[in-house]
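> Coordinates for the following, if possible.
(chains A and B)
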Amino acid sequence: MHPALSVIIFTVSSGAGYGLLMLLIGLHIFGFLPDMSENELLTGGIIGLGLVTFGLMSSTFHLANPKNAWRAFSRFRTSWLSREGLFAVLVYPFALLYLFGIWNSGVELNAFIQVTGFITIVLSLLTVFSTGMIYGCLKTIRQWNSALTPANYILLGLALGAMLLVALRVSFNGEVGLVASLTLVVLDIALIAKAIYYFWIRRVTGPTMNTATGFTRANVRLLDVGHTAGTFLTEEFGYIPAQGTVTLFKVLVFVLGFIVPGVIVFGMTGGDATSAMAWVALVSAFLGIGLERWLFFAEARHVVNLYHGAQNT
Amino acid sequence: MRLGLVIDLDTCVGCHGCAVACKQWNTSGTTGPLTDYRPYGRNPSGVWFNRIRHYEVGDYPNNKTINFPMSCMHCDDADCVTVCPTGASYKRKEDGIVLVDQDKCMGCNYCSWACPYGARELDREAGVMKKCTLCVDRIYDETLDEIDRKPACVITCPAHARYFGDFDDPNSEVSQLVRDRAGYKLMPEVGYNPTNTYLPPRLTRPIPTDDVRKDSLMTKVKDWTNKTITR
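Down below sits the predicted model:
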């Protein structure tokens, strides 16, 4: 698949934003952040919503006809893309009400903050799950058609959100021990899930050129593709990354996305942290997960390639 | 009613006439124009509803060239319709034709990702998804003669390799062809239940060549001389 920059920015940025909202609000409303100030909560909430908004706006750049984008909320009963849009918009009023509650009555927990916060968490989770299912539900792309796809979207969103939360705590001189430990757990689970995914997509399964053409009792080869220049199909689905690039990027995903942030955050679990450490970990994690998202698209092989000469996907 | 095409891979000669007729009719049809990019430039490209590929099946000397026209299969379980977030893609209840409402499409490409057959192409100029309409603006046109109420590709095919009809009617021409010639669907394992059906090449007896008389020495010398002189 052609890795569109707007979609990479969208999924990474909004995933991180929802991850931050889920963890920040979750830790707050269940009483795990007693020392968190009003300013810190409001800043975190605004950063989360800001990343979400930035991501959603970026996603509209890959639309060829954005003036009809408002119609995208109408088919939520069948389309995961529609569901994602709907949940994404529904998060806003509840997140804003939650932030308003804090701005109005402070960080002390009350029913209003807990209810709006909890709904924000649920809707954020549903949004990220729907983002994953947009890709996970496609039977045409075996690398995506798996439960690992939404699982990875949720885990990587939470991992980036946790990194943001660490940076937030460090910037406000808060107690980082608990948040750093939690981040380490999330990073480890996300790392394992991503490693399983990379291992799993190596096994070639699914349709072949034989089943695509129906000639299953002989070898089939493409003689002529029937067009002289590229078509929409070759431009959208024909992208094949160089094998060296894929290997290098996979190493960088693990190093930048998981190992560097993991080691730095591990150093923070004792409670000592500098803002330089937090920033290096955060930037490294975003770079690593950005490369992960590029690979997610670049490695996906659509079955239409079988008609253009690929023997399998 | 379940309208669709039967394509005979035995008689298709790969002339691309169906694709050209399709383009000619539909560029001024309900989802037209079928925009061309750089039509006189170095790499001309554009929107087509019908594309023909050519394959070699089997290994030499038991090989065969198969010309393979493909357009929208008007699937029974069309994921391109269910994934569409705007409702622009729809499948008509009355005849099973899958269409795109050009006024509702936002050009997100998602339906083309869901289509295993490459039937949908984005018009980059208009910013909307376009696809085979089964010439819906022609097959119901009562101002045309009955014989002309067929998709443009079917009418134009010089090899008579394309048939149009109702697959729900067991006595229609298409249903009979599918029965008699063991018609099959493409990529059934993805589960889209396509309507369009392909007829495999007929089994033919090889033309015997062992009784062909060997050339005489004189003919061989003449042939060799002719070749050498031409060169």
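> Can you show me the strands along chain B?
B:3-8, B:36-37, B:45-46, B:51-57, B:64-70, B:89-91, B:98-100, B:120-123, B:128-131, B:162-166, B:197-199 (DSSP state E).
> what about A:Asn68, distance to B:Cys80?
17 Å (C-beta to C-beta, to the nearest Å). C-beta: built from backbone N, CA, C; applies to glycine.
> what's the burial count for A:Ala38?
Just so we're on the same page, residue A:38 is Glu rather than Ala. 13 (other C-beta atoms under 10 Å in any protein chain shown).
> so it makes contact with A:Ile102?
Yes: using C-beta atoms under 8 Å as the test, A:Glu38 is close enough to A:Ile102 to be in contact (6.0 Å).
> so who does the residue of chain A found nearest chain B touch?
The nearest approach of chain A to chain B comes at A:Ala64, 2.7 Å away (C-beta to the nearest C-beta). Counting by C-beta atoms under 8 Å, 6 or more residues apart in numbering or on different chains, A:Ala64 touches B:Met106, B:Gly107, B:Cys108, B:Asn109, B:Leu122, B:Arg124, B:Gly127, B:Val128.
> Just the pLDDT at it, thanks.
According to the prediction, A:Ala64 has pLDDT 93.
> how about the nearest residue to it, chain neighbours excluded?
Take A:Ala64 and drop its neighbours on the chain: the residue closest to it by C-beta to C-beta, 6 or more residues apart in numbering or on different chains is B:Gly107, 2.7 Å away.
> Test my guess that that neighbour contacts B:Glu121.
No: if you go by C-beta under 8 Å, B:Gly107 and B:Glu121 don't touch, sitting 11.5 Å apart.
> Now the common contact residues for these two.
Contacts common to B:Gly107 and B:Glu121, judged by C-beta under 8 Å, 6+ apart, are B:Met129.
> What about the closest residue to A:Ile9 other than its chain neighbours, how many residues nearby?
Spatial nearest neighbour of A:Ile9, excluding adjacent residues (C-beta to C-beta, 6+ apart): A:Ser58 at 4.4 Å. A:Ser58 has 20 neighbouring residues, counting by other C-beta under 10 Å.
> likewise the one 4 residues further on?
Counted with other C-beta under 10 Å, residues neighbouring A:His62 total 16.
> And for B:Asp169?
The number of residues near B:Asp169, taken as other C-beta under 10 Å, comes to 13.
> Do I have it right that it meets B:Ser175?
Yes: between B:Asp169 and B:Ser175 there is a contact under C-beta under 8 Å: 6.2 Å.
> any idea how far B:Cys18 lies from A:Val7?
B:Cys18 is 35 Å from A:Val7, by C-beta to C-beta.
> Of those two, which one has the most company?
It is B:Cys18, of B:Cys18 and A:Val7, that has more neighbours when counted by other C-beta under 10 Å, with 28 against 22.
> Is it correct that the more buried one is in contact with B:Arg162?
Yes: at 6.2 Å, B:Cys18 counts as touching B:Arg162 under the criterion of C-beta under 8 Å.
> Now for those two: what residues contact both?
B:Pro69, B:Cys153, B:Val154.
> Can you find the helix or strand in chain B with the smallest mean pLDDT?
The weakest-scoring helix or strand in chain B, judged by mean pLDDT, DSSP states H and E, is helix B:217-230 (a mean of 91).
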